[in-house]
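Coordinates only, no sequence provided:
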Ligand code: SF4
Ligand code: SF4
């Protein structure tokens, strides 16, 4: 179980794909300025990663929802493990070899494909070898359990960040101290020092960004929907990769202004909006382009994605940077998935369905993602009380062998027919 | 008596009679819920488990979806079918995804008057002990409010004594399995263990004392082809172990939450220590589940058992979609390899009794171990 770099890492290939997207965007007369900024940010991210080794910079691989704002404040290069492996599926359409490499590491096929692929990617050198592995229990068991194997595969030291399940004062205190230990670990490993002033500044930006996310959410209540059908993936990625980065603020401000103009002009993102949908969980990455096309063809928009866009209440305080980082983890839209699925949490989904006037919801049931699938029945029942039907699409977020474009098309078309019949 | 408690479970006469006599019954999931606290509140603690046999999990799957472990689906199905209708309370911990979602689904579809979920840290540290202690305090408060009782230090001390006695008896029973030719086999031990969290502790301890006395006088069961440890996800079906023993495996120990991990460590109350603090410390630092970090702690304890019980090989059974255990498998396999202990890894469903294909693999494994022994 050692690292055998059989393939050059794929960051360069992702970088090329992003550059191509950027060029195409710039060439389109109707391109959004925010989209251009988005690709510029992705390019910056990948460039940093691709040149880090050369420049002698410290690279930390970290799992999803890990507070990478702390890394930015320490001048450490972050490598978001799930996103970088998703991007391989999204931009390069390559995933099978990563899954096969994951299986070689002894991971069973029931472990979700992002994690199998990730272990595989690091083992064959498809992602650069990090100087440290950081992981947490934020979101699921696979995330909580992946770190020790990744440490073994990469031969890098690691830190597990234990984030409490609920949010009492004691739990917050525990988490803040965990974060403090993580900073100490990183300082010891990298020889770099935490720049507390920079962390405060990052927190200030994050607070501003969360407000912008909320504003964008409010603008998206408009009918017709001003936001392009799968646009929420951009929002998700912005917070996954660029929390507290000034350019992320610029992106969100630009997007907010674009949406405000569209709303004022009563201009929808698709030519003729017919179906307003709620998206529950992640659609398959390799079908994003196809889903986008299908949405335009049928006038179906994803009006809301509560688990990716509904930020919890509260403001961050730059004077208390580490406490704010801890607090943010409980405000994340996805954090509703980390804790108990209480009546309140379910109620918020129903409330979103009402507020965004959705006709139906689509539940992307990822075959490897256990804790999200265990909520399907809860949401179906809750939404059926307000007469919102839910379509379940069995899929895998990155593995294209689980469901095909044809199958998804057929399912969605039937669902649209059902929505028509109900009118 | 143990068999009867298991055969009739969940609606066993002992639980129903406690209920008729006005005692509250509180169900608990996973070994991170402190049973002594439920007992000290005057309740009868009952461990939630599923069907100890192969069965169609149609309802469990409809509510849970197919990609959650069959242990959790099986528990939920029994709940949905009213088999646990006597429960006055339901307590779980944030131990793994399946357990926490079982809590969510139970609260929604199998309503109980009192439900409570505890945050369980995943690390071993003084900070984690302190946090878990606050969770134990919260549970105490919840129980007191809902059951209308006060849980005194004396009541806690009494419960600790009773549960520690049970643990010593289980240790004594398991010590017999260290013999070359133990008087009790693995499947019989499983029956005892299943009953241990389904019967009132007082009655269980009496029966177990009697059983140990009888075993001292009984005939040994033979040596078998190889001495086996069973490891992995939750297991309640004694038939699974029996099917291994029928073909010559002698199951002498285990690393299961339904086995050794349940009784391994006593609650140690130091001088002037609050009993509740001692309970919290024991539950978080007990023989760990695969959910805890670092895994090394669990692996070292397994190696210790392997030496103590002179284990020839480990059969690891992982319930499909049990993430904590399947993520640890590559690491465990390395550790065992380095220590020269062969492991057979089986993908199973909870409740399985060992089908043809599984048995063929076990048979081949046993033969390999037998050959090594010679
Ligand atoms: S797909 Fe699901 S199981 Fe896998 S990392 Fe994401 S949340 Fe966890
Ligand atoms: S540890 Fe495994 S078997 Fe036990 S409840 Fe969790 S997923 Fe299921």
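Looks like it arrived, so ask away. Only a predicted model underlies this, so the values are computations on that prediction, with no experimental measurement involved. Ligands and ions are numbered 1, 2, ... in the order given.

hey, let's count contacts and neighbours off CA atoms from now on
Fine.

Not including adjacent chain positions, what is the nearest residue to whichever residue of the stretch 251-374 of chain B sits closest to ligand 2?
Closest to ligand 2 within the stretch 251-374 of chain B is residue B:322: 3.7 Å, counting by C-alpha to the nearest ligand atom. Among residues not flanking residue B:322 along the chain, residue B:69 sits closest, at 5.5 Å (C-alpha to C-alpha, 6 or more residues apart in numbering or on different chains).

can you pull the contacts of the closest residue to ligand 1 within the stretch 51-200 of chain B?
Here the residue of the stretch 51-200 of chain B nearest ligand 1 is residue B:97; by C-alpha to the nearest ligand atom that distance is 9.1 Å. For residue B:97, the contacting residues are A:140-141, A:370-371, by C-alpha atoms under 8 Å, 6 or more residues apart in numbering or on different chains.

Any idea how many residues pack against the residue nearest to residue B:322?
The criterion is other C-alpha atoms under 10 Å in any protein chain shown. On that basis, residue B:69 has 26 neighbouring residues.

give the contact list for it.
Applying C-alpha under 8 Å, 6+ apart, one finds that residue B:69 lies in contact with B:98, B:319-322, B:349-350.

List the contacts of the residue nearest to residue B:325 when sequence neighbours are not counted.
The spatial neighbour of residue B:325 that comes closest, neighbours along the chain excluded (C-alpha to C-alpha, 6+ apart), is residue B:290 at 5.7 Å. Remark: with contacts taken as C-alpha under 8 Å, 6+ apart, residue B:290 is in contact with B:298, B:324-325, B:328.

now residue A:270
Contacts for residue A:270 (C-alpha under 8 Å, 6+ apart) come out as A:228-229, A:295-296, A:299-301.

does it belong to a helix or a strand, and which?
Under the criterion DSSP states H and E, no helix or strand holds residue A:270.

And for residue B:91?
Element membership for residue B:91, per DSSP H and E: strand B:89-93.

And the residue nearest the centre of chain A?
When C-alpha atoms, centre = their mean is applied to chain A, the residue found nearest the centroid is residue A:236 (4.3 Å).

Provide a list of residues in contact with that residue.
Each residue near residue A:236 by C-alpha under 8 Å, 6+ apart is listed here: A:308-309.

Which members of the contacts of residue B:69 are the farthest-apart pair?
For the contacts of residue B:69, with distances taken as C-alpha to C-alpha, the pair at the greatest spread is B:98 and B:349 (14.2 Å).

Tell me the residues of chain A that contact chain B?
Neighbours of chain B within chain A, by C-alpha under 8 Å from any C-alpha of the partner chain: A:105-108, A:110-111, A:140-142, A:144-146, A:148-149, A:160, A:162-166, A:170-171, A:174, A:340-342, A:367-371, A:373-378.

among these, which ones are buried?
Among the residues of chain A next to chain B, those classed as buried by neighbour count (16 or more other C-alpha atoms under 10 Å in any protein chain shown) are A:105-108, A:110-111, A:140-142, A:144-146, A:148-149, A:160, A:162-166, A:170-171, A:174, A:340-341, A:367-371, A:373-378.

Can you flag which of those residues belong to strands?
For those, membership in strands holds for residue A:160, with DSSP state E as the criterion.

how about the helices in the stretch 301-423 of chain A?
With DSSP state H, counting those that start in this stretch applied, the stretch 301-423 of chain A shows helices at A:306-309, A:321-331, A:343-355, A:370-373, A:376-384, A:405-422, listed in chain order.

go on, the stretch 151-300 of chain A?
A:169-190, A:196-219, A:232-241, A:246-264, A:288-298.

how many neighbours does residue 246 have?
This is for chain A. Other residues within reach of residue A:246, judged by other C-alpha under 10 Å, total 14.

looking at chain B here, not the other one
Neighbour count for residue B:246, taken as other C-alpha under 10 Å: 11.

Quick check on residue B:27: phi, psi?
Residue B:27 adopts backbone torsions of phi -90, psi 140, taken as degrees, to the nearest 10.

That one touches residue B:83, doesn't it?
No: contact status for residue B:27 versus residue B:83: not in contact, 12.0 Å apart, counting by C-alpha atoms under 8 Å.

more neighbours, the two?
residue B:27 (24 against 15).

one step back: among the contacts of residue B:290, which are within reach of ligand 2?
The overlap between the contacts of residue B:290 and the neighbourhood of ligand 2 (criterion: C-alpha under 6 Å from any ligand atom) consists of residue B:324.

Pick out the most distant pair among the contacts of residue B:290.
Taking C-alpha to C-alpha, the two most distant members of the contacts of residue B:290 are B:298 and B:324; they sit 12.3 Å apart.

Among these two, which residue is more densely surrounded?
When residue B:298 and residue B:324 are compared on other C-alpha under 10 Å, the one with more neighbours turns out to be residue B:324, at 24 against 20.

what sits against the residue in chain B that chain A sits nearest to?
The minimum distance from chain B to chain A, using C-alpha to the nearest C-alpha, falls at residue B:64 (4.5 Å). Applying C-alpha under 8 Å, 6+ apart, one finds that residue B:64 lies in contact with A:373-377, B:73, B:105.

Please read off the pLDDT at it from the model.
As summarised for this prediction, residue B:64 has a pLDDT of 95.
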